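*Asks:* build the 3D model from these lines:
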Amino acid sequence: MLLNIDAGELAGEPEELYALAHVVNIACGGHAGDDASMRRVIACCHRLGVRAGAHPSYPDREGFGRLPMSMTSEALEAAVAEQCHALVSIARNAGDVPLGFVKLHGALYHAANADADVAKAALAGAIEALGWEITVIGPVAGTTVVVARELGLAFAREGFADRNVLADGSLVPRGQPAAMIEDPARAADRARELAKSGTVDTICVHGDGPNALSIARAVRAALS
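*Replies:* Numbers count the residues shown, from 1 in each chain. Take a look at the predicted model:
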């Protein structure tokens with residue numbers, strides 16, 4: 001059971017946050033992150049021996065990648081490829097740090113899981129930059145996993161330790177009350193439930209939360 005942490009989104013992220021992860025999803029410019037932040041996170045992953053991956057999004061820095069966008073398949077593929085290429089270049093210059101994962105961010109994560117054309121375009125952009133030996137991190141069920149497997153890509157089913165869910169199992173939308181779990185003990189309990197369910201391969205903690213480090217510590221301890 002892998003703990004994946006979305007990172008490179010805020011200035012001053014503690015290095016311990018990356019050390020607690022099995023996989024670090026690195027923001028690569030679409031919604032957050034820049035060359036300096038990518039270099040920092042890649043260098044930390046390399047030094048700590050933590051696996052790294054790309055965390056591309058819609059090109060929406062103003063909305064932090066959380067706003068739906070209407071893009072042609074060609075434009076979306078190019079946007080994702082551009083972000084992933086930027087991370088690949090930095091990883092290569094840092095000592096050929098391997099990038100074995102891709103996880104779409106925010107609104108793109110959800111749009112791809114509902115629309116095969118969006119999923120195909122986004123994953124095509126990731127493949128162009130990262131190659132075919134990547135593992136896609138995405139929702140347990142929906143379009144993303146179907147498209148990834150049709151393409152022959154490895155897939156890791158994801159649950160969230162720090163997000164509340166609705167009765168139908170979907171995430172409480174961002175911006176609504178109680179969308180986030182901010183208590184580390186509750187997040188650890190949620191992680192245990194997910195791990196025992198057998199429905200997920202990886203559990204996420206968002207690195208941009210106010211209690212991200214405390215939650216990551218609690219979740220990693222629970223999984224260990």
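*Asks:* in the chain, which spans are strands?
*Replies:* With DSSP state E, the ranges of strands along the chain come out as 2-7, 23-27, 51-55, 99-102, 135-139, 154-160, 202-206.
*Asks:* in a markdown table: the ones you listed, plus mean pLDDT and distance to Val146.
*Replies:* C-beta here means a position set from N, CA and C on the backbone, and glycine is covered the same way. Shown next, in a markdown table, are the strands of the chain (pLDDT from 0 to 100; distance: least, C-beta to C-beta, whole Å):
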| stretch | mean pLDDT | distance to Val146 |
| --- | --- | --- |
| strand 2-7 | 98 | 21 |
| strand 23-27 | 98 | 21 |
| strand 51-55 | 98 | 20 |
| strand 99-102 | 98 | 16 |
| strand 135-139 | 98 | 10 |
| strand 154-160 | 97 | 10 |
| strand 202-206 | 97 | 18 |
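*Asks:* save the ones you listed as a markdown table, and put in distance to Val145 and mean neighbour count too.
*Replies:* What follows is the strands of the chain, written out as a markdown table (distance: least, C-beta to C-beta, whole Å; neighbours: other C-beta atoms under 10 Å):
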| stretch | distance to Val145 | mean neighbour count |
| --- | --- | --- |
| strand 2-7 | 16 | 24 |
| strand 23-27 | 17 | 27 |
| strand 51-55 | 17 | 27 |
| strand 99-102 | 13 | 23 |
| strand 135-139 | 6 | 24 |
| strand 154-160 | 5 | 19 |
| strand 202-206 | 13 | 24 |
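*Asks:* and the ones you listed: which comes nearest Ser224?
*Replies:* strand 2-7 (9.3 Å; C-beta to C-beta).
*Asks:* re the thing from before, for Arg174, find the nearest of the strands of the chain.
*Replies:* Of all the strands of the chain, strand 202-206 sits nearest to Arg174, with 10.2 Å by C-beta to C-beta.
*Asks:* rewinding a little: want to throw the strands of the chain into a markdown table with distance to Asp115?
*Replies:* Output for the strands of the chain, formatted as a markdown table (distance: least, C-beta to C-beta, whole Å):
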| stretch | distance to Asp115 |
| --- | --- |
| strand 2-7 | 22 |
| strand 23-27 | 22 |
| strand 51-55 | 20 |
| strand 99-102 | 18 |
| strand 135-139 | 13 |
| strand 154-160 | 17 |
| strand 202-206 | 22 |
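*Asks:* right, and these - which one's nearest Ala116?
*Replies:* Per C-beta to C-beta, nearest to Ala116 of the strands of the chain: strand 135-139, 13.2 Å.
*Asks:* the closest one versus strand 202-206: what angle between them?
*Replies:* Interaxial angle of strand 135-139 relative to strand 202-206 (axes from the mean of the first three to the mean of the last three C-alpha atoms, to 10 degrees): 70 degrees.
*Asks:* now stretch 48-64: how far from the chain's centre is it?
*Replies:* Relative to its chain's centre, stretch 48-64 lies at 7 Å (C-alpha atoms, centre = their mean, to the nearest Å).
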